[in-house]
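> just coords:
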């Protein structure tokens, strides 16, 4: 493998139902920074069926070039034809960096492709930067420059590792959704669009999609929510979750809960945050009437901002909250909803 | 039908992650468990065994101590256990791990391979799909509701906002979610039986069709540049105000942080 | 001498612990409060083979040793004394005598479903006028053709109304022993639903309130002749030998209660603050915990030793008596101290130690009071 041959920062531009996923724009935003540091350009790889017109949108979000793989076999996501498409693009164009969203598609496609092109893949990255490997010069080991340094949490967010892929190309990463910043779209921007079709011959690895069942909107995965309004036993009753739902609605958030609430049968298990539930990392986490047992905290302490409301001043939740309010949630939450509604109206 | 289930022994984070006084992770204080997604995968295999009849072989790669999870799997109902252990395999990233496991699985007969979606220590979700690539068989990630129809499997493949009902010819690989099922408990008698059985132990020499260049730390394309335990976030502010003041306090903070 | 458990036993403990934490603990408070028998838990345990741990596999059991069984009762009792005694009474007092004294037919008919947990077992020896003193028995069994006819009553019967199979003791005649006329006692297997077999009042107890404690009443209750368990006239030996095993079960229950109270208290004293510091920082607390932990471990060693003796010795009365005597007294002492260290909270029902202290008391009483255990132990010393 001649590493020098590999050039450019590439992004897998995920689309579903011929609509580009937000993660693709986020990746382009980051790719632009990386490309600038490397003095190279940004290429989006758009894979699907009947998707050519989407290329302009990618240009507006920062793609200098768009490679389009358009084939009827690529209508709905299936591992094999998509892996074949992306791996073929990599072998043909030789990118030095290949970014993929850490979505249900990307976390399947990424590993399959990385194994096919025989390179490393770092999962679920939260920070990407260009730097040296090793970070500090080590006697007897050549320090490589312009490496992609990929930082990711592991162990449920309890450890952080920075990983490089110094001797293989491309340097591949899947990137967590909602972490990287999109650029403000440049209206009317155009990219060089290149069509590429490696040819698709169905074999045993082409699985058959018998049915596609779209989930109804109210089953938002709490792991994807940007704002979570989470209730504990302190909410008092299933009916009283209404005040949390109102707050969530005003903020465009989702309601989640603690284990005690699930055990009491007030809310279904898929809304449970914590060790035995889901690990969430929203931008804002409201912990309302949640005492903050360690098992719960382990599932939410990675949230960017934690706001806790609890009547017990000694509740352990206050040990992790950025903003803790000691008080009666029944009095505070409805007023907070009203106040936020007014603020948001005023801002419009 | 023959089913191979890949399982991993991981530190338990369920009983509360333990920290040293300086805020770093106290790994020694944590017990090890069978990775939850893998346990769900094993349960799925055991249900297929109950329903259709199957021989279930569990495979793990790790230190000799990882034998424990094989015994546990056998106490739950798995038929055979294979431990892949060798010093030269240590320090493997997902590429080297999947290469190793594929090399072990090539020695086994299988119609179906089930892995957990991801391990709670690494959280990468990569090894399953990478094994399938090395073995050149189809993969269905994030599987729920697995059924057998003739020589094919039909599963619900989860996405963020939908699921696909997918049919794949066997042999194929499925990655299981811990939401898939509630794994069964072991039985007391099953535990004692599991310890009476032989476990197959394979080292480097037993791996089929793998290149040394792709194994262990040396064969791992990804290298750790830096690793640190995350120091836990300390407490922020705590205020006791009347309800109206509390509301303005929160609204102000959300404004400062550009949430609204 | 090796005090480490085998890997199998360690894994079995992990299993019992996980089950107890996940399935039993969440219900413990409610079971106590409502005095409702935890039927669902029993069904879950049945599915996992917890109701036939020391029964050989050919009779539907798990084929494990008495130590594994003791550890099961111990782990269950750590979180719920009620659940512990249900398993103990079923296994030690019903499965065990049928396994030891039953005919092949009796084993197939009764032991197999008992060990599989399809049926629950109980043991009826105690009567209003006779506790562990088997000679005070009043219940009579008379052979009438092909049937035994039972008349009398039994009291304080664990798993009383919930069981399906009962091992019952009754007088079948008199024998002359050393020139004195003595009651001849025999053991029988009685099925629930047999005409003439009814239940009296349900006892309202201080502790283990979810366990079903009833009076059993036999009025011209006719059971088949082949339901005689063991030889006619050997009932006293059967009862005593069964109770030796039962005491290991109760000792395990007591041990579990003490361990549960200790663990709960350790957690509590780390969190609870008084005078500006955690109460665990006070030397009084530390010394109390040290004493509690030491006694708990001593109790555990005695209990495990008795369980091992049951596996390897024909007679283990003294080992079982010592284990039960000590574990029960430690359970009472440790749970009482646990309540004290919890202060006012320890006295209210929301806190587990309150229940544990009430549950612990019975371990000094049933299946032979502490005084009876002392008699057994001293009797062997002065023989």
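On my side now, so go ahead. Note that the structure is predicted; figures quoted are calculated from it, not measured.
> contacting residues around residue 242?
No chain in the question, so chain A it is. Applying CB atoms under 8 Å, 6 or more residues apart in numbering or on different chains to residue A:242 gives no contacts. In short, each C-beta sits where N, CA and C put it, glycine included.
> um, chain C though
By CB under 8 Å, 6+ apart, the contact set of residue C:242 is C:92, C:93, C:96, C:97, C:100, C:123, C:167.
> per-residue confidence at residue B:258?
At residue B:258, the model reports a pLDDT of 75.
> nope, residue C:181 is what I was after
For residue C:181, pLDDT reads 86.
> now the one 4 residues further on
In this prediction, residue C:185 carries a pLDDT score of 94.
> the closest residue to residue A:322 other than its chain neighbours: how many residues sit nearby?
Spatial nearest neighbour of residue A:322, chain neighbours left out: residue B:236 (3.7 Å); criterion: CB to CB, 6 or more residues apart in numbering or on different chains. Neighbours of residue B:236 under the rule other CB atoms under 10 Å in any protein chain shown: 17.
> my read: residue B:236 touches residue A:319, true?
No - contact criterion CB atoms under 8 Å: residue B:236 and residue A:319 do not qualify, at 9.3 Å.
> taking the contacts of residue C:242 together, which two end up most distant?
Across these, the longest distance by CB to CB is 13.1 Å; it joins C:100 and C:123.
> quick one, which of these two is more surrounded?
Remark: of residue C:100 and residue C:123, residue C:123 carries more neighbours, 28 against 13, as counted by other CB under 10 Å.
> and that one, what is it in contact with?
C:89, C:93, C:94, C:97, C:157, C:158, C:166, C:167, C:242, C:246.
> who's in contact with the second one?
Just to be clear, that refers to residue C:93. By CB under 8 Å, 6+ apart, the neighbours of residue C:93 are C:121, C:122, C:123, C:158, C:167, C:242, C:243, C:245, C:246, C:249.
> give me every residue that touches the residue in the stretch 101-250 of chain B that chain C sits nearest to.
Among the residues of the stretch 101-250 of chain B, residue B:189 lies nearest to chain C; the distance is 3.4 Å by CB to the nearest CB. Counting by CB under 8 Å, 6+ apart, residue B:189 makes contact with C:49, C:53, C:57, C:61, C:62, C:63, C:64.
> that one - nearest residue in space that isn't next to it in sequence?
What sits nearest to residue B:189 in space, not counting adjacent residues and going by CB to CB, 6+ apart, is residue C:62, at 3.4 Å.
> so residue A:28, which of the three states?
helix (DSSP: H, G, I helix; E, B strand; the rest coil).
> for chain A, see how far away the residue nearest to residue B:189 is.
For residue C:62, the distance to chain A equals 28 Å [CB to the nearest CB, to the nearest Å].
> spatially central residue for the chain, please.
Picked chain A for this. In chain A, the centroid-proximal residue (CA atoms, centre = their mean) is residue A:177; its distance is 1.4 Å.
> should've been chain C
residue C:88 (3.7 Å).
> ok so that residue is a helix residue?
Yes - under three-state DSSP, residue C:88 falls within a helix.
> contacts only, for residue C:286.
residue C:280.
> per-residue confidence at it?
pLDDT recorded at residue C:286 is 97.
> in the stretch 101-250 of chain C, what spans have low per-residue confidence?
The model of the stretch 101-250 of chain C has pLDDT under 70 over residues C:132, C:134.
> and the helices in chain B?
Along chain B, counting by DSSP state H, helices occupy B:36-52, B:67-76, B:94-105, B:127-135, B:188-196, B:243-256.
> does residue A:98 belong to a helix, a strand or coil?
Residue A:98 - assigned by three-state DSSP - is strand.
> local confidence estimate at the closest residue to residue A:251 other than its chain neighbours?
Distance criterion CB to CB, 6+ apart; nearest residue to residue A:251, sequence neighbours excluded, is residue A:227 at 4.9 Å. According to the prediction, residue A:227 has pLDDT 92.
> now residue B:241
Reading off the confidence values, residue B:241 has pLDDT 89.
> before we move on, what about residue A:212?
For residue A:212, the model assigns a pLDDT of 95.
> kindly report the same for the one 10 residues further on.
Listed pLDDT for residue A:222 reads 85.
> what lines up beside the helix or strand bottoming out on mean pLDDT in chain B in the sheet?
Counting by mean pLDDT, DSSP states H and E, chain B has its least confident helix or strand at strand B:223-229, which shows a mean of 84. Using DSSP bridges, strand B:223-229 pairs in its sheet with strand A:159-164 (antiparallel).
> mind jotting down where the strands sit in the stretch 101-250 of chain A?
Using DSSP state E, counting those that start in this stretch, the strands of the stretch 101-250 of chain A run over residues A:121-125, A:127-133, A:144-154, A:159-164, A:171-175, A:192-195, A:208-214, A:227-231.
> make that chain C, sorry
Counting by DSSP state E, chain C has strands at residues C:121-124, C:140-144, C:147-157, C:165-177, C:180-191, C:197-202, C:214-224, C:228-229, C:273-274, C:277-278.
> OK, contacts around residue 179?
Since no chain was named, I'll use chain A. A:26, A:126.
> actually it's chain B I care about, not the one you picked
When contacts are counted by CB under 8 Å, 6+ apart, residue B:179 touches A:270, B:40, B:144.
> show me what residue of chain C gets nearest to chain A.
Closest point on chain C to chain A, by CB to the nearest CB, is residue C:26, at 6.5 Å.
> count of neighbours near that residue?
12.
> please apply the same query to residue C:7.
As a burial measure, residue C:7 scores 14 neighbours (other CB under 10 Å).
> not counting sequence-adjacent ones, nearest residue to the residue of the stretch 101-250 of chain A found nearest chain C?
In the stretch 101-250 of chain A, the residue found nearest to chain C is residue A:233; the distance is 12.7 Å by CB to the nearest CB. Distance criterion CB to CB, 6+ apart; nearest residue to residue A:233, sequence neighbours excluded, is residue A:260 at 4.1 Å.
> just the pLDDT for residue B:231.
At residue B:231, the pLDDT value in this model is 60.
> before we move on, what about residue B:22?
60.
> winner for burial among the strands of chain C?
strand C:121-124 (a mean of 28; mean count of other CB atoms under 10 Å in any protein chain shown).
> tell me the strands beside that one, with direction?
Strand C:121-124 is paired, per DSSP bridges, with strand C:165-177 (parallel).
> quick one: the partner strand to strand C:140-144, angle?
For strand C:165-177 against strand C:140-144, the angle by axes from the mean of the first three to the mean of the last three CA atoms, to 10 degrees is 90 degrees.
> how distant is strand C:165-177 from the center of its chain?
Strand C:165-177 sits 22 Å away from the centroid of its parent chain (CA atoms, centre = their mean, to the nearest Å).
> equivalent analysis for stretch C:181-196, please.
For stretch C:181-196, the separation from the chain centroid amounts to 21 Å (computed by CA atoms, centre = their mean).
> give the bridge partners for the nearest residue to residue A:131 once chain neighbours are set aside, please.
Nearest non-adjacent residue to residue A:131, counting by CB to CB, 6+ apart: residue A:149, 4.6 Å away. Taking DSSP bridges, one obtains residue A:129 as the residues bridged to residue A:149.
> so how far is residue B:100 from residue A:149?
26 Å (CB to CB, to the nearest Å).
> these two: which is more packed in?
For residue A:149 versus residue B:100, the count of surrounding residues by other CB under 10 Å is larger for residue B:100: 27 against 21.
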